[in-house]
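>>> everything below, folded, please.
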Amino acid sequence: MTSIYQLSASELAKKIKSKEISSVELTQTYIDRIEKYDDSINAVVVRIFDKALEDANKADKALENGEYWGPLHGLPMTIKESYKIKDTKATWGNEAYRNNMADSDGLAVQRFKNAGAHFLGKTNVPLDLADFQSYNTIYGQTNNPWDISKIPGGSSGGSAAALAAGFTGLEAGSDIGGSIRNPAHYCGVYGHKPTHAIVPSTGHELVPNVPEPDLSVCGPLARSAEDLGLALDIMSGPYGEEAVGWKLELPEPQFKELKDLKVAIWSTDEMAPVASEISERASMVGEKLASLGATVSFEARPSFDTLHQEIVYQTLLQSVMSVSMPKDEIEKVQEIVNNLQPEDMSAEALLARGSVLSHRNWIRTNYQREQIKIAWSEFFNEWDILICPQQATTAFPHNHAKFSERKTIVDNQEQPYFQQIFWAGMIVNAHLPSTVFPTGPSSEGLPIGLQAVSGLYQDKKTIKFSELLAKEIGGFTPPPDYK
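As a prediction, this is how the structure comes out:
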């Protein structure tokens, strides 16, 4: 029997609405679990338990009075530390913002509250949201509930760890290089990277009034695909002046069964080889789909050069990531770039060029990206879903060495630490939606997640696909030490 704290947000909200359990009881259950188990995980690093119980009591009284606040009425949840909740800190793990206190709720928090949810606290992140791991000098290190010697992923590592351990009903993170999807893969939960810009990033910020960034998106993590759809509906849609002129209408999935789909399987690539067990898992999913009657190809690919795509993505990514780099650091990087050979396309050269990219060259690179997006569009005119890896390996041991000193070990072979951003990056670069879904444990007992990708604005298609697939191969399972 599934314990109450392991249920999906949708199931929990139904139980509260039917008064099978009260919001106060559920909120206290999560608080008790955090206080009992989170010392070993360190996921929920900002705690507002008294306020959560106060809000839960209001939700219960509202139901008694016949009031219903929305689809998450009475649901306790957490959210990534980088989001604003009034009277809590939003530091992004950066010492310079250690005392950065929010004076109001951010947009996503407002929208979740408007849907009836309330907050237990916020979950841990890496410094500046820029790592596959989740540790910083303010809150410390977050561990994976499946094995606390391993990473939970990043940058929404606390989000995924809290969900897996049964500390929260729902979560939201952000993603520019896999920061929702990596933790979902490592911790065995669901994560959705939305189509770019359908979820406003307002309120996911260190300073106010930041315009929508290129590449980066906000989106949900959950214990079921259904919850991703529910949360995406809550989080998405125009805000402020944009809402005057347009509204979002994502298309509903045009299929009822998996056999109705055309699915391509991209199980590994020479640009970023993955562990054989992960490649085999992608192939297994393809074989399962074929056995159900779906049209499956293991060779179909979009028509672009993967190396060129990676160069375009890394150039645009570093342009975003270097925005807050101090002037003296920029000057040092510019000097390096001035001395680079034009044919140097090493990772170090790409990082340096992207960090000091001129607006003129950004426009040129964006044009190249547009051609890649067109290739993806043509691909998804023929194929409904692409299944591919999210990362090369399952969760690996914590490693706090300098980035330049880190390596990823893939089937006993060393790779550069950030080489695996290829799988997340090519999807982000084209602004596509992607749902990471669990496929069960590895031979070591660690979760393996894969991406389900589709065309622009086909978010509901990838989520529905993941929901139906769970009925065939299973969905979320809790880590054994936290049942």
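
>>> tell me which helix or strand residue 226 sits in.
Secondary structure from DSSP states H and E places residue 226 in helix 225-235.

>>> give me the pLDDT for residue 470.
What the model reports for residue 470 is a pLDDT of 98.

>>> scratch that, residue 343
pLDDT, read off for residue 343, is 86.

>>> how near is it to residue 364?
18 Å (C-beta to C-beta, to the nearest Å). Any C-beta I mention is one placed from the backbone N, CA and C, and that applies to glycine too.

>>> so those two - more neighbours on which side?
residue 364 (12 against 6; other C-beta atoms under 10 Å).

>>> how close does that one get to residue 306?
20 Å.

>>> for residue 398, same thing?
30 Å.

>>> same question, residue 90
In terms of C-beta to C-beta, residue 90 sits 37 Å off from residue 306.

>>> repeat for residue 225
28 Å.

>>> do residue 337 as well
Residue 337 is 24 Å from residue 306, by C-beta to C-beta.

>>> next: residue 14.
44 Å.

>>> what do you get for residue 334?
The value you get for residue 334 to residue 306, if C-beta to C-beta is used, is 29 Å.

>>> and if you look at residue 130?
On the measure of C-beta to C-beta, residue 130 and residue 306 end up 24 Å apart.

>>> count of neighbours near the closest residue to residue 447 other than its chain neighbours?
Leaving aside its chain neighbours, residue 447 sits nearest to residue 188 (3.1 Å; criterion: C-beta to C-beta, 6 or more residues apart in numbering). Neighbour count of residue 188, defined by other C-beta under 10 Å: 30.

>>> quick one: residues contacting residue 188.
Contacts for residue 188 (C-beta atoms under 8 Å, 6 or more residues apart in numbering) come out as 146, 164, 438, 441, 447, 449, 476-477, 479.

>>> ok, now residue 409?
By C-beta under 8 Å, 6+ apart, the neighbours of residue 409 are 393, 396, 415.

>>> residue contacts, the first one?
Spelled out, that is residue 393. Contacts of residue 393 (C-beta under 8 Å, 6+ apart): 274-275, 278, 408-410.

>>> farthest-separated two in these?
278 and 409 (13.3 Å; C-beta to C-beta).

>>> can you give the distance of the longest helix seen in the chain from its chain's centre?
The helix spanning the most residues in the chain, taking DSSP state H as the definition, is helix 359-382. Centre-to-centre, helix 359-382 and its host chain are 23 Å apart (C-alpha atoms, centre = their mean, to the nearest Å).

>>> can you check stretch 1-9 too?
With C-alpha atoms, centre = their mean, you get 22 Å for stretch 1-9.

>>> what do you get for stretch 189-197?
Using C-alpha atoms, centre = their mean, the offset of stretch 189-197 from its chain centre is 6 Å.

>>> could you give the mean pLDDT of it?
Stretch 189-197 shows an average pLDDT of 98 in the prediction.

>>> what's the end-to-end length of that stretch?
23 Å (C-alpha to C-alpha, to the nearest Å).
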